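Chemist: Any chance you could fold what I've pasted below:
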Amino acid sequence: MLQGGTPARLLIRHFVRRFVDNDFLSAYADRHESLAFFAATLVSAGMFGAVLIGTKYLFGVPSVSWAAVSAMDDMFVIVSVSMIVVALTTAAQWDALSIDARDAAILGPLPVGHPTIVRAKAAANLPFGSAFVITTTVPASLIFSFVALASLRLAASTEMRVIASHVLTTTLAGLFAFIAVVALREGLRLLAGARGFARISSFVQVLLIVGLTTLLLLVLGGDHAVPRAWLQTPAPRSVTPLVVPAMWFVGLAQTINGDVIVLAPVGGVVADDNLSRFYLAQTQVFRDLASTAFIGTAATLLLGSAAFFWNARRLPSPIAPARQRARVVRRALSEAAIRTVVRRPMAQAAFFFTFRVLFRSRPHRLTLAVGAAVALSMTIAVVSGVGQARVASPTTAPLLWWALQPLVLMTIAATLQHAMALPAELRANWIFHHCWVGQLRACVAGAERAVFLGVMTPAVLMLVPLHVYVMGPRAGLFHAMNGLLLSAVLLGFMMMDRTAPPFVSSYVRSGNVKSLGPIVVMVAVGLSLTAAAFERSAVGSAAGSLRHTLALCALVLVIHQTVWRRLPSTATLATDPPEPSSDPLRLSG
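Modeler: This next block holds a predicted model:
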C-alpha cells in the first residue's frame, strides 16, 4: 500500500528528486549542496552582472531618450544570458525530462496507473523549470531595473510599471527557453522513433551544450548594442528582429513600458532629439515582437506538450543495441595500437576501456562537451579580438596567439580530470573488484595513452591550420609539436598520486571549487602566457627552437618517471559503500 500521500504526489516527489540525486555516480550521490551552490552562483552572478551593466546609469544620464535606448540594449543582454543559462541547465538534465526505460522498469510493475505516472512526470518538470527560471531571471532583472531608474526622477507608478515589465519579460523568456529544450527533445523523439532517438540523443545533447555554452560566452564578451544596430538596418524592420527569440521579449518589455521613459518630462519639458524619435519610430516593431513572443511561447508549449504526451502513451522499453559490423579500419587501428602503443595486456585493456567510456558514456561525453565548448569560445574570442591576419614573422605574432593552445589544452585537461573521476557504470564496479590483479601502473599507462591519442592530439591538430595560416608552416608545426609535448606534461600531472584506475570507483568530489576555482584559473592563465612568451622567443632561431623542444622533452621524461615511481606497483581497489536500504517511494508496508 502506498504511504505518505497519494500515488501522484509520491511520484512527483520521486521525479523531482531525480533532478537532485544521481545514483549512477555514487550510491550516496546527493547534489543538494552542489545545486545550492549553483543556485547561489546564478543569483550572485546575475545581480553582480546587472549592477555592472547598470553602472553607467548611476553617474548622470544625458537624457531620458538615451536611458530608454540604452536600457533596451542592456535588456537584450540580460534576456539573452537568462535564456541561454536556463536552456543549458535544462539540456544538462536531458534524460530526466521525460520517462525513460529505467523509470518504466521500476514503476511499470507497481499498482499505479499509466496516466498517473505520465501526469506526475509532466508535473515534476514544473518545479524544476520554475525554480531555475526564477533563480536566473528575477534577481538580475530586479537589480537592473532599480539601477537603470536610479537617476531618472519618474513617478512611482511609472517606475513600478517598468520594473514589472522587466521582471515579467525575463521570466517569460526563461520559461520559453525551458519549454523550447523540452519541445526539441520530445519532437526529435517523435520524429526519429524510439530506436532512432536512442542513437542521436547523446549527440544532440552534446551539440546543444557546446553551442549554448559558446553562445553564452560570445554574448557576454560581444557588442551590447545589438538591438539598436538591428533596428537601424535598412532591411524590413518587421522581419529582421523576429528571427532572434531574445528580441521578442525585448520588444515585449518595450510594449509593456510604452513610452513612459522616453516621454518622461525633465524639468517639465519632453525631450525631442534623434534618440527619442528613433525609439518612438519602433513602436510597431515592438508590438510585432511582443505578438511573436506570445505566439512563439504558446506554440512551443502546445507542440512540446503534445509530443510529450504522445511519446508517453506507452511506457518505454529497453532498446537492444543494433549489431554493428566490424569495420576494417577499426580493426586495423586496434591492431596497430596493440603492436605499437600498448603491448601489455593490462595496458591494452585500460586503453580500449578508456576509449569506449569517454566516447560512449553519456556523463563522460557531457563533461568533454563542456570543455570543448569553453575551448571553442576561447578560440573564437582570440580570433575576433586579436585578428587572424598573417604576421610577417612568428616572433611578432600577438602573445595571445601563442597562449591559445596552452589555454585550450589546460581546459581540456581539467575536464578530463573530472571525467576520470566518474564511474563508467556504477552497478558494474563489482566486476573490477573481482577481476582486479593490482597492476595499477600498466592500467594508468594505458588510460593515459588513450586520452593522449583520443582527446589531446585531436585538440592540437584542430588548431594547426589556424596557426599555420597566421604564423606560417614552420612556426605552426613547431607550435603543434610543443602542444603535443605540453599535453604529455599535463597528463603526467593528472596521473600523479592516483590510487585506483579511472572510471571504476564511485564519484567522490575533490577540492573546493568555490575557493580554489578562481585561483586555478588565474594560475592557468599565467602559466599559459609564460609558456607562450618562452615559445615565441625560441621560434626566432633554429638553435632556440631545438633548445625549447629538448627542454620540453626532458620535462616530459622527468614527470613521467616521477609518476611511475610514485604509483604503487600493486594496488587494492577500495570497496564502494553499500547502497542505502531506505525506501524513497515509501512503497513498503
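
Chemist: tell me the domain ranges of the protein?
Modeler: For the chain, automatic domain parsing gives the domain ranges 7-21+33-193+222-311, 346-566.

Chemist: weakest of those in terms of mean pLDDT?
Modeler: When the domains of the chain are ranked by mean pLDDT, domain 7-21+33-193+222-311 comes last with a mean of 77.

Chemist: Now do the end-to-end distance for it.
Modeler: Domain 7-21+33-193+222-311 has an end-to-end distance of 22 Å (CA to CA, to the nearest Å).

Chemist: Quick one: distance of that domain to the chain centre.
Modeler: The chain centre lies 18 Å from the centre of domain 7-21+33-193+222-311; the measure is CA atoms, centre = their mean, to the nearest Å.

Chemist: ok, back up a step: mind checking which of the domains of the chain is nearest residue 339?
Modeler: domain 346-566 (10.4 Å; CB to CB). For every residue, glycine as well, the C-beta is placed using N, CA and C.

Chemist: Not counting sequence-adjacent ones, nearest residue to residue 404?
Modeler: residue 382 (5.0 Å; CB to CB, 6 or more residues apart in numbering).

Chemist: What is the neighbour count of that neighbour?
Modeler: Residue 382 is flanked by 19 other residues according to other CB atoms under 10 Å.

Chemist: In three-state terms, label it for me.
Modeler: When classified by DSSP: H, G, I helix; E, B strand; the rest coil, residue 382 comes out as helix.

Chemist: Contacts only, for it.
Modeler: Residue 382 makes contact with 400, 401, 404, according to CB atoms under 8 Å, 6 or more residues apart in numbering.

Chemist: Can I get the helix or strand where residue 449 lies as CSV, trimmed to CA atoms?
Modeler: For residue 449, the host element (DSSP states H and E) is helix 440-451. In CSV, the C-alpha atoms belonging to helix 440-451 read as follows (Å, rounded to 0.1, in the frame of the first residue of the first chain):
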residue,chain,number,x,y,z
LEU,A,440,48.0,0.0,-11.4
ARG,A,441,51.0,1.2,-13.3
ALA,A,442,50.1,-0.6,-16.5
CYS,A,443,46.4,0.4,-16.2
VAL,A,444,47.3,4.1,-15.7
ALA,A,445,49.7,4.0,-18.6
GLY,A,446,47.0,2.5,-20.9
ALA,A,447,44.4,5.1,-19.9
GLU,A,448,46.9,8.0,-20.3
ARG,A,449,47.9,6.9,-23.8
ALA,A,450,44.2,6.5,-24.8
VAL,A,451,43.5,10.1,-23.6
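
Chemist: how much space between the nearest residue to residue 183 once chain neighbours are set aside and residue 377?
Modeler: Among residues not flanking residue 183 along the chain, residue 304 sits closest, at 3.0 Å (CB to CB, 6+ apart). Using CB to CB, to the nearest Å, we find residue 304 at a distance of 28 Å from residue 377.

Chemist: Please apply the same query to residue 560.
Modeler: From residue 560 over to residue 377 the distance is 31 Å, taken as CB to CB.

Chemist: got it, and residue 339?
Modeler: Separation of residue 339 from residue 377 (CB to CB) stands at 39 Å.

Chemist: With that, I have no additional questions.
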